[in-house]
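1. quick one, what's the 3D model for this:
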Amino acid sequence: MGRQHPFRTTSQRVTMTTTCELRESSNFKLKAALAVEASLEAGSTIDTMDQFYDGELLMQHSDGSDGDTDTDMDTDTDMDSNSNEGCYSVESQLLSAYARLQLQNSSLKHHSDQRTREACYTNMHASWHLQLPALTNAYLTWKHNSSLNVAQISAHKFQVTAVHVFELDYFHDITQQHEEVANVSLLRVGLLGCSPTAPTVAISLQCLELYHQLRRRQSSFSIQAFTKVLCAIHNVNYAQTFLFGLKWTWHSAAQILTGAFDMVVHHARLRSQPNECPLYPASLKAMDGNNSAKRMANAGSADLRIFPSRYMIPPDQVDVFKDDVRLRPATNSTEENTVHVFEQTGIFLSVCRHGIIQTVTEMRRSGELAKYPLATINKLLDIFGDNQAISSDIGCSLSKTVAASSIRDKALNRKLSLSVNAFHGHAHNHKCQLQYHPMYLRGFGLEDLETCECIFASSNAAACLIRHASHFHYGQFLDLHFDQWDMDKYLELSRFIFNNYKQAVTLIDDFTKELDAYRLSFPNQAMDFETWVTEELAYLESVASEPARDALAVDYVEALEKLNTYQQQFNSFGTDKFLTYLPSSFTPDSGLSVAASQSTKQAQAARRAVERRLQIQINVVEDLETRLDIAERWTPGYSDYWETLQYSRRRKFIRAVEDLEGLVVQRLFELSKANLSSTGTNLIQISRAIVKRSGAIRTALDKYNKLTVVQNPRRPTLQYSEILSYAALGEFDILKHSRHNILTKPWSNTTHCQMGVKYFKILRAREEITRLNVEICRLHAWIDAEDSDIKHVATELELTNPPLASEIWRLYHQQRRVNDVHRVHINRIYSLEGFTGCIPSDVTATDDSLDVDEVSVEMIDDESEGDESARFDLCIQQMSL
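-> Coordinates of the predicted model:
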């Protein structure tokens, strides 16, 4: 028995609903019906195929039918009032024109498809999209009632090759019901076709779901790899055709799953509760860019779809800010060649402090331009409202960018505050840290705001698969990865709160004891750390900018010293060369020898060169004297000359310290990367860079130590082992700017500074507990409301839509399982020593209704220990303490 092609609907099959009718129909009607199936397979439209309409050709094959037959084929008008013959659905109206083309070319032995790949893909996607609602309902029906019996009315049977995970059925019979799409028939038995209209190969839904879950958990696992796995299991040689079939089937299945998910779930966030303590800032978020998520220009250009991501900010909302900061243009950190090769050069995302992603922006043919953070800030202000704190690794300069942008008033009215991340903040100068580091900002708690780096450490796994993907699949793969990331972070939310609470309580206990003991060792000195920070910031601001006259005075003294050098060189040529000639310098005919002549020419050329440099330097000195309004030229005997000379030497010393500072900071970053794997960085190159950096540090240190002896007061010399222990850049700032009176200030004392850090850690820990108490109440209220709401909706739908109700019940049990983990952690928090929040009256120490126990929660907590992003997060936390 030969394999038959399935038909999309009975009305589209014309008179071929049964085998008997098929034999009685005319040859033209058979060809027309088959042509309709071909048109459905190709997915053509009237706009592209009506030009091939040939009425005379149709009349030749119409078996005596009148001239109106061809027009009836494109309408919903019945050809026979007593039958469904010639009855076409709305879909067939759009596609019947291609049936005429197929009929016209049926006599050709070899037919070449003249359509472009773009047209093929567009029509295929349109065909899938047309079926999507019916496929979603069929999927839910199969998933929750696989034994459903359908009345065998006008049934049509066809065969497909069914691919399961461990089974392969070459001749699987499928029953297609009256007015039923072929893929709906397949879905009723747990299969999905590789074609939208006439599938001959179908993949089991269990197989597709297996890959779907594998892809969610391991973003680098490609469809090609999974196809090769199936080929190996079924003992079939791999071919690219198999890859295309599975790829399009899985993408269609992903859309069906998305449609089913959108029917049963809505995205929400934790909301404030009555009588809770107000928080300022109301929310903490971080944002950063990453250049790993690149996509080649013109890759997948035939696919014109745009993926409807709930994360992505549309490009038109980003480009609003492209000319918004002309006075403060951002540096394009991407090389020009990269811009030409890649359409997407990376992503820029924002995330809340719990790790749940808020927004994602595509960086197109550029680096991290100012328009990306501005568009992100604008979106967050629109969604979350007032009193937000947003952190960035360049939060200090970003605050100036926002102040010069079109959202300046909006940011001021919404009381937006910007900061730098805790780890990146240590690479900024100390003045910047005192203004923007979370440790010195009220309300930030113990949050390091380095969550973006953890996300990038995870999303880098998807980079290899999206590099050559179409724009639609680029967004789809990233959205799938980020959606699973958010689900994992929601599962870990209560553990995050629990661990932070324990850390804050422990930190307060330990640091308070140390601080009390330190205060006892200085009974006559008030340890007012907050005042010290204010004084230190005021001092650093006063020395941050150099007066213009001082800078010109230094240039003037340096120009005078250079003028003196050139004058001495010129004076050295004062003796006439003729007086130094010897008899041997002449030839027998009284002429100069070649050597003497050459020496004279060289001396004269050198004298002219020095004379030119001298004249130029005289002009430079006179110009500076005019700008400084100096009537009489300074000499080494002038007091102004001597003071400016000392100031100039101090500036050289400051530059030496800055060079040393930069090298040490780079070494700190390289050492931190060397302790991580799978971050996209070559560890061998990092190791070489560390060795090279160490040599550069030694050279810079030698230069620094040579300059210390000429400083007044003399600065301390440093050893190599000592300089490597400088983790805080404030120590470098003290070296650069300290004078005799500054060294007596309490905030310049290294030990005082260390205790000051612990003091501010205590303040931030208390703020962290206040914020956690609010978040615990919100989370507890959320999980109770979510369980109740989902259960209520599922109960209401049981009578009206049983498949959808069953899916909502599945969602209820899934969320209940996760929420029970939260309840266990919340109960742990309530029992913590040092817990200061409110415990609801209905909470008990143990709850027998929970679907999880303490052992299961411990196993969930242990799973994250091997996660790369979790290790990165732990590393950052340790460096920030």
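2. what packs against the strand or helix carrying Val533?
-> According to DSSP states H and E, Val533 maps onto helix 529-544. Judged by 3 or more CB pairs under 8 Å, 6 or more residues apart in numbering; DSSP states H and E, helix 529-544 is in contact with helix 430-436, helix 730-737, helix 750-800. Quick note: C-beta positions are derived from backbone N, CA and C, even for glycine.
3. pretty sure Ser350 sits in a strand.
-> Yes. Under DSSP: H, G, I helix; E, B strand; the rest coil, Ser350 sits within a strand.
4. who's in contact with the residue lying closest to it once chain neighbours are set aside?
-> Using CB to CB, 6 or more residues apart in numbering and skipping residues adjacent in sequence, the residue nearest Ser350 is Met287, 4.0 Å away. By CB atoms under 8 Å, 6 or more residues apart in numbering, the contact set of Met287 is Phe348, Leu349, Ser350, Val351, Pro373, Thr376, Ile377, Ile390, Ser391, Ser392, Cys452.
5. same deal with Leu552?
-> Neighbour list for Leu552: Leu624, Arg627, Leu628 [criterion: CB under 8 Å, 6+ apart].
6. show me which of the residues you listed are buried.
-> Applying 16 or more other CB atoms under 10 Å to the contacts of Leu552, the neighbour count classes Leu624 as buried.
7. the contacts of Leu552 in helices, which ones?
-> Counting by DSSP state H, those place Leu624, Arg627, Leu628 in helices.
8. quick one: the closest residue to Leu537 other than its chain neighbours and Asn749, what's the gap?
-> Excluding the flanking residues, the one nearest Leu537 by CB to CB, 6+ apart is Leu434, at 4.5 Å. From Leu434 across to Asn749, the span is 16 Å (CB to CB, to the nearest Å).
9. show me the shaky parts of the stretch 501-650 of the chain.
-> The model of the stretch 501-650 of the chain has pLDDT under 70 over residues 543-546, 574-598.
10. now do the same end-to-end measure for stretch 406-416.
-> 14 Å (CA to CA, to the nearest Å).
11. spell out, range by range, the strands that occur in this protein.
-> Using DSSP state E, the strands assigned to the chain run over residues 156-163, 168-176, 191-193, 201-204, 283-290, 295-296, 342-352, 357-364, 388-391, 417-419.
12. export these to TSV and tack on distance to Ala463?
-> Formatted as TSV, those follow (distance: least, CB to CB, whole Å):
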stretch	distance to Ala463
strand 156-163	29
strand 168-176	34
strand 191-193	29
strand 201-204	27
strand 283-290	9
strand 295-296	10
strand 342-352	10
strand 357-364	14
strand 388-391	24
strand 417-419	29
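13. now those in JSON lines, with distance to Ser399 and mean pLDDT?
-> Formatted as JSON lines, the strands of the chain follow (distance: least, CB to CB, whole Å; pLDDT from 0 to 100):
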{"stretch": "strand 156-163", "distance to Ser399": "57", "mean pLDDT": "88"}
{"stretch": "strand 168-176", "distance to Ser399": "62", "mean pLDDT": "89"}
{"stretch": "strand 191-193", "distance to Ser399": "52", "mean pLDDT": "89"}
{"stretch": "strand 201-204", "distance to Ser399": "53", "mean pLDDT": "90"}
{"stretch": "strand 283-290", "distance to Ser399": "13", "mean pLDDT": "92"}
{"stretch": "strand 295-296", "distance to Ser399": "32", "mean pLDDT": "90"}
{"stretch": "strand 342-352", "distance to Ser399": "16", "mean pLDDT": "92"}
{"stretch": "strand 357-364", "distance to Ser399": "19", "mean pLDDT": "93"}
{"stretch": "strand 388-391", "distance to Ser399": "10", "mean pLDDT": "94"}
{"stretch": "strand 417-419", "distance to Ser399": "5", "mean pLDDT": "93"}
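14. tell me the phi and psi of the closest residue to Asp479 other than its chain neighbours?
-> Once flanking residues are discounted, Asp479 sits nearest to Ser309: 4.5 Å by CB to CB, 6+ apart. Note on Ser309: its backbone torsions stand at phi -80, psi 140 [degrees, to the nearest 10].
15. how close does Ser309 sit to Trp128?
-> 19 Å.
16. how about Cys194: what's its closest non-neighbour residue?
-> Gly245 (3.9 Å).
17. tell me, how many residues neighbour the one you found?
-> Counted with other CB atoms under 10 Å, residues neighbouring Gly245 total 22.
18. now for it: which residues touch it?
-> By CB under 8 Å, 6+ apart, the residues touching Gly245 are Cys194, Val201, Ile203.
19. mind listing what the residue nearest to Asp555 when sequence neighbours are not counted touches?
-> The shortest distance from Asp555 to any residue other than its chain neighbours is 6.1 Å, reached at Leu624 (CB to CB, 6+ apart). By CB under 8 Å, 6+ apart, the contact set of Leu624 is Leu552, Asp555, Tyr556, Ala559, Ile630.
20. quick check: Leu624 vs Glu632, distance?
-> Counting by CB to CB, the gap from Leu624 to Glu632 is 14 Å.
21. check Tyr436 too.
-> In terms of CB to CB, Tyr436 sits 48 Å off from Glu632.
22. same check, this time on Lys143
-> 96 Å.
23. tell me which of Ser309 and Trp128 has more neighbours.
-> Remark: of Ser309 and Trp128, Trp128 carries more neighbours, 20 against 16, as counted by other CB under 10 Å.
24. tell me how far the more buried one lies from Glu786.
-> Taking CB to CB, one finds Trp128 at 33 Å from Glu786.
25. could you do His792 as well?
-> Using CB to CB, His792 is found at 11 Å from Glu786.
26. same check on Ser470?
-> 36 Å.
27. neighbour count winner among the two?
-> Per other CB under 10 Å, whichever of Ser470 and Glu786 has more neighbours is Ser470, with 19 against 16.
28. if we can go back for a sec, just give me the closest of the ones in helices among the contacts of Leu552 to Leu779.
-> Arg627 (65.5 Å; CB to CB).
29. wait, what's in contact with that closest one?
-> Residues in contact with Arg627 (CB under 8 Å, 6+ apart) are Leu552.
30. switch to 10 Å and redo it
-> Arg627 sits next to Ala548, Arg549, Leu552, Asp555, Tyr556 when contact means CB atoms under 10 Å, 6 or more residues apart in numbering.
31. from the residues you listed, pick the one nearest Leu515.
-> Ala548 (44.0 Å).
32. burial check on Ala138, number of neighbours?
-> Residues near Ala138, counting by other CB under 10 Å, number 22.
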